[in-house]
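Asks: Structure for this input, please:
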Amino acid sequence: MRSLRLLPFLAALAVAAAPATANTALQPAPRDAAWLKRHEGFVAEAARGGVDVLVLGDSITDGWRRLGPNGGKAVWDLEFAPLRAANFGIGGDRTQHVLWRIEHGTLEGLRPKVVVLMIGTNNTGFERDGTTARNTPAETVAGVQAIVGQLRRRLPEARVLLLAVFPRGERPDHPQRLQVNEINRGLAPLADGRHVTFLDVGPSFLAADGTLPAAVMPDFLHPREEGYTRWAAALKAPLAGLLR
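Replies: Down below sits the predicted model:
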């Protein structure tokens, strides 16, 4: 009879001992062959050195390379190329992909003065099946924190300018906008007042009523040239201060 009375207790112990669901935002992971080829290009670029400002991120960062009114190339050439800046953004990246890149040579040979990091928007929402959630805001924050930790360990002399994830969705109540807001609340405390600075330039893109104008981000996610112009303007003074 005593063994029967112990069954609920033993079951509870088993549940407590079971591993929690792994946070994929923290698990370094590569992507497809085309992605690996781009990564290898960045590794080669890093090995050449000569970079004072390193910009890390996803398609929003990648868009600094895009020519024409829907891209930021003209703004980059004017505002960032003179700073000896390098753009290591890859479209579609999540925190786990940036972590993998860092662990596989993307920083080797670099001694930047400042690293500008914005990552996490692709950790929100659902997979292509429309039902499988990607990551919670807390999981995404943990992934970004891990990247910041790697940057501090591997580039101890660099200042990290951690950007809030940009607003997405046309209206303030868009589900992913709400997720992004929660992520940003979790990112702000990562600033330490010395090595890591947190900067939210999101308000620069929004109308007075909180909506995201199509003239700034046509798909309510990726900036067009007007958006990149606003982004550059918001970065200018903070970046100059960190470079000094």
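Asks: is it true that residue 157 touches residue 111?
Replies: Yes - the criterion here is CB atoms under 8 Å, and residue 157 meets it with residue 111 at 6.9 Å. Every C-beta, even on glycine, is put in place using the N, C-alpha and C of the backbone.
Asks: The two: which is more packed in?
Replies: Each of residue 157 and residue 111 has its neighbours counted (other CB atoms under 10 Å); residue 111 has more, 13 against 8.
Asks: what are the ranges of the strands in the chain?
Replies: Along the chain, counting by DSSP state E, strands occupy 53-57, 85-89, 114-118, 159-163, 196-199.
Asks: The fourth one - contacts with which helices or strands?
Replies: Which is strand 159-163. strand 114-118, helix 137-154, strand 196-199, helix 225-243 (3 or more CB pairs under 8 Å, 6 or more residues apart in numbering; DSSP states H and E).
Asks: which parts of the last one are buried?
Replies: Counting neighbours by 16 or more other CB atoms under 10 Å, one finds that the buried residues in helix 225-243 are 225-232, 234-235, 238-239, 242.
Asks: Same question for stretch 24-31.
Replies: For stretch 24-31, the buried set under the neighbour-count rule, 16+ other CB under 10 Å, comprises 25, 26, 28, 31.
Asks: And the furthest pair within those residues?
Replies: Farthest pair in these (CB to CB) is 26 and 31. Separation: 16.6 Å.
Asks: Could you check how many residues crowd around the closest residue to residue 180 other than its chain neighbours?
Replies: Counting by CB to CB, 6 or more residues apart in numbering, residue 165 is the residue found nearest to residue 180 once chain neighbours are left out, at 4.8 Å. Residues lying near residue 165 (other CB under 10 Å) number 27.
Asks: how near is residue 165 to residue 199?
Replies: From residue 165 over to residue 199 the distance is 12 Å, taken as CB to CB, to the nearest Å.
Asks: any idea how far residue 90 is from residue 59?
Replies: Distance of residue 59 to residue 90, computed by CB to CB: 8 Å.
Asks: intersection of neighbour lists for those two?
Replies: Shared contacts of residue 59 and residue 90 (CB atoms under 8 Å, 6 or more residues apart in numbering): none.
Asks: for the most centrally placed residue in the chain, what are its contacts?
Replies: For the chain, residue 119 is the residue whose C-alpha lies nearest the centre (CA atoms, centre = their mean; 0.7 Å). Taking CB under 8 Å, 6+ apart, we find residue 119 in contact with 56, 57, 58, 93, 94, 95, 98, 143, 144, 147, 165.
Asks: so what's residue 114 up against?
Replies: Residue 114 is in contact with 52, 53, 54, 158, 159, 160, 161, 239, 242, 243, counting by CB under 8 Å, 6+ apart.
Asks: State the pLDDT value of the fourth one.
Replies: According to the per-residue confidence, residue 158 scores 98 in pLDDT.
Asks: Many thanks, have a good one.
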